[in-house]
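Asker: Pasting the sequence and the predicted coordinates here, then a few questions.
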Amino acid sequence: MDSLTRTWNASTVARPRGVSPAWMARLEERALRPLAGSGRRYVLWLAFLLGVLAWALYAYSTQVRDGLYVTGMRDRISWGLYIASFVFFIGISHAGTLLSAILRATKARWQMSITRMAEFITVVALIVGALFPIIDLGRPDRVLNMIVYGRWQSPLLWDILAICTYLTGSALYLFLPLVPDFALCRDRLARSAPGWRRWFFTAAALGWHDSPGQREALERAMTVMMVVIIPVAVSVHTVVSWIFSMTLRDPLNSSVFGAYFVAGAIFSGIAAIIVLMAVLRRLLHLEEYITETQFVNLGYLLAAFTLIMAYMNLSEYVTTGYKMSGETPFHFQQLMVGPFAPLFWFYIFGGLLVPGLIVLRPRTRTIGGIVTASVLVLVAMWIERYVIVVAGFRVPLMAYEPADYLPTWVEWSVLAGAFALFALLISLFAKLFPMISVWEVAEHRGPEPLPRATVNGQARGDEVETPAERSTRWHSGRSGTLSRSWRTRWHWWRS
């Protein structure tokens with residue numbers, strides 16, 4: 001630790017006020033240690049993911065060679081597993097950039113240690129999700145025809161434009177906070193890193209030396225992107241919903257699909273952040289910086305969106321079920337008691353009721369309980385997307401028997417490859433860049449340091465802030481007409 005402290009004191013980057021050199025050195029060491037090297041388990045994990053990805057490519061090559069006949073899709077149910085997964089991945093992408101931008105705008109300091117994970121989920125999920133419409137094409141070599149000869153009256157073209165815009169903005173929003181940490185990697189890893197990585201860190205740092213002018217320019221750029229990215233993120237999933245709601249199929253003909261899809265995207269995205277946060281916290285030993293505070297606060301957001309999703313489902317099904325017009329009776333029958341009943345009721349109970357009860361009950365509002373609730377939400381939200389697509393297309397448009405759809409091994413293999421690609425990109429990122437924003441965590445130190453005797457298993461003296469000291473820091477110099485209790489709650493949320 002002494003050598004790390006000396007390294008920090010010798011750095012060209014200014015140390016934030018009120019942060020001890022030893023604490024800052026420990027933060028750096030935890031954030032940069034994964035970049036120093038890779039163990040055998042990491043290599044085996046990458047080999048496993050590459051093996052799954054290779055199998056998925058083989059399955060897709062079979063589809064390209066023999067056509068969509070090798071899938072379960074036919075003329076009556078022409079959308080299936082691929083489009084459901086497309087909606088799912090685009091949905092979880094909203095968690096990162098949108099949630100990060102909203103929390104930055106409200107100055108919620110507790111989220112500073114998880115913003116990078118959240119923002120990276122957005123970019124990776126968009127990359128993976130955008131592949132599914134291409135995979136769903138019988139002739140993927142003609143995908144450019146949609147852009148060259150596409151009709152701007154089509155929601156499909158709106159979707160392409162929205163996703164490309166969102167991906168570009170999210171990548172830029174991810175890159176901006178990385179610039180100071182690129183400079184940190186440039187200064188710390190100059191001797192141990194290979195030449196290509198030193199060149200990359202130097203180029204990506206953009207000459208950052210933490211001058212007041214650079215800090216002001218970075219804050220201004222991040223504020224602009226924060227304001228721009230929120231409406232862009234909302235518009236993306238709204239446009240995705242229009243692909244369904246602008247059809248003439250009764251189950252999909254809904255004017256509230258836009259709000260429903262956006263709420264569902266944020267709901268599943270919060271769950272994705274919690275799961276990824278728990279995995280990286282354990283693997284990268286980030287317990288001191290990703291604490292129970294982050295899990296509980298995100299758990300409250302998860303519970304809030306559980307109520308929102310329950311309300312929107314209730315409103316939709318009560319409204320359409322009361323009228324029972326057109327093909328609605330057939331659709332309700334297949335959902336409630338028909339072939340989709342197990343999936344539908346798992347979504348209602350396993351994806352809405354049980355996770356909400358887990359988070360709202362104090363005894364189960366623990367890290368393990370919140371992660372369990374998040375896993376249930378992710379599984380249920382994928383099922384909900386599948387039911388929307390397949391059950392909606394199963395409703396007959398004419399007087400013929402309803403068709404059936406069962407995904408084949410090709411489709412399941414491609415889906416497994418998509419999840420493997422998602423995990424592969426995150427695994428590579430964790431070894432190339434710091435997974436927590438060092439400069440932001442240092443600047444907004446806290447909010448819940450470990451007790452003195454539990455930081456790395458040793459006593460740390462006054463390096464760790466006590467609750468009394470933290471309370472004094474939160475409330476010092478602040479005045480107003482609010483009562484102390486409400487002021488305390490507000491600063492607890494922002495911190």
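Answerer: Perfect, I can see it now.
Asker: quick one: average pLDDT of stretch 188-199?
Answerer: Over the span of stretch 188-199, the pLDDT mean works out to 75.
Asker: Please state the offset of that stretch from the chain centre?
Answerer: 30 Å (C-alpha atoms, centre = their mean, to the nearest Å).
Asker: Mind listing what's buried along that stretch?
Answerer: By neighbour count, and taking 16 or more other C-beta atoms under 10 Å as the criterion, the buried residues in stretch 188-199 are 188-189, 193, 197-198. In short, each C-beta sits where N, CA and C put it, glycine included.
Asker: Go through those residues and say which is closest to residue 254.
Answerer: Looking at those and their distance to residue 254, the nearest is residue 197, at 50.0 Å (C-beta to C-beta).
Asker: quick one: the closest one from residue 36, how far?
Answerer: According to C-beta to C-beta, to the nearest Å, residue 197 stands 11 Å off from residue 36.
Asker: what is in contact with the two at once?
Answerer: residue 189 (C-beta atoms under 8 Å, 6 or more residues apart in numbering).
Asker: Low-confidence bits of the chain, can you list those?
Answerer: Residues of the chain that meet the criterion pLDDT under 70 lie in 1-20, 105-109, 190, 192-193, 444-495.
Asker: Could you tell me the phi and psi values at residue 78?
Answerer: Here the main-chain torsion angles of residue 78 (degrees, to the nearest 10) amount to phi -100, psi -10.
Asker: Residue 399 too?
Answerer: For residue 399, the backbone dihedrals (degrees, to the nearest 10) come out as phi -80, psi 70.
Asker: Residue 434 too?
Answerer: According to degrees, to the nearest 10, the main-chain angles of residue 434 amount to phi -60, psi 130.
Asker: Isn't it up against residue 183?
Answerer: No: applying C-beta atoms under 8 Å as the test, residue 434 and residue 183 come out as separate, 11.4 Å apart.
Asker: and the residue lying farthest from the centre of the chain, what is it in contact with?
Answerer: With distances taken from the mean C-alpha point of the chain and given as C-alpha atoms, centre = their mean, the most distant residue is residue 399, at 42.7 Å. Shown in contact with residue 399 (C-beta under 8 Å, 6+ apart): no residues.
Asker: any idea how far residue 248 is from it?
Answerer: 16 Å.
Asker: Then residue 194?
Answerer: Here the criterion is C-beta to C-beta. By it, residue 194 lies 58 Å from residue 248.
Asker: In three-state terms, label residue 398 for me.
Answerer: In three-state terms, and counting by DSSP: H, G, I helix; E, B strand; the rest coil, residue 398 is coil.
Asker: again, but for the one 4 residues further on
Answerer: The three-state label given to residue 402 by three-state DSSP is coil.
Asker: Make sure it is actually in contact with residue 396.
Answerer: Yes: with contact taken as C-beta under 8 Å, residue 402 and residue 396 are classed as touching, separated by 5.4 Å.
Asker: anything in contact with each of these two?
Answerer: Contacts common to residue 402 and residue 396, judged by C-beta under 8 Å, 6+ apart, are residue 330.
Asker: got the buried residues for stretch 35-50?
Answerer: Using 16+ other C-beta under 10 Å as the test for burial, stretch 35-50 gives 35, 45-46, 49.
Asker: show me where the stretch 151-300 of the chain has helices.
Answerer: Taking DSSP state H, counting those that start in this stretch as the criterion, the stretch 151-300 of the chain carries its helices at 155-188, 195-204, 212-245, 257-283, 292-323.
Asker: Nearest to residue 427, out of those helices?
Answerer: Taking C-beta to C-beta as the criterion, helix 257-283 is the member of the helices of the stretch 151-300 of the chain that comes nearest to residue 427, at 9.7 Å.
Asker: okay, the angle between that closest one and helix 212-245?
Answerer: 130 degrees (axes from the mean of the first three to the mean of the last three C-alpha atoms, to 10 degrees).
Asker: For helix 257-283, list every residue counted as buried.
Answerer: Of the residues in helix 257-283, those scored as buried under the neighbour-count criterion (16+ other C-beta under 10 Å) are 257-278, 280-281.
Asker: what's the closest non-adjacent residue to residue 336?
Answerer: Computed as C-beta to C-beta, 6 or more residues apart in numbering, the closest residue to residue 336 that is not its neighbour in sequence is residue 344, at 7.0 Å.
Asker: hang on, the one you found in a helix?
Answerer: Yes: remark: residue 344 belongs to a helix, assigned using three-state DSSP.
Asker: what about it, how many neighbours?
Answerer: A count of neighbours around residue 344, defined by other C-beta atoms under 10 Å, yields 19.
Asker: From what I see, it and residue 387 are in contact.
Answerer: Yes: taking C-beta under 8 Å as the contact criterion, residue 344 and residue 387 are neighbours in contact, 5.9 Å apart.
Asker: shared neighbours of those two, anything?
Answerer: The contact sets of residue 344 and residue 387 overlap at residue 335 (C-beta under 8 Å, 6+ apart).
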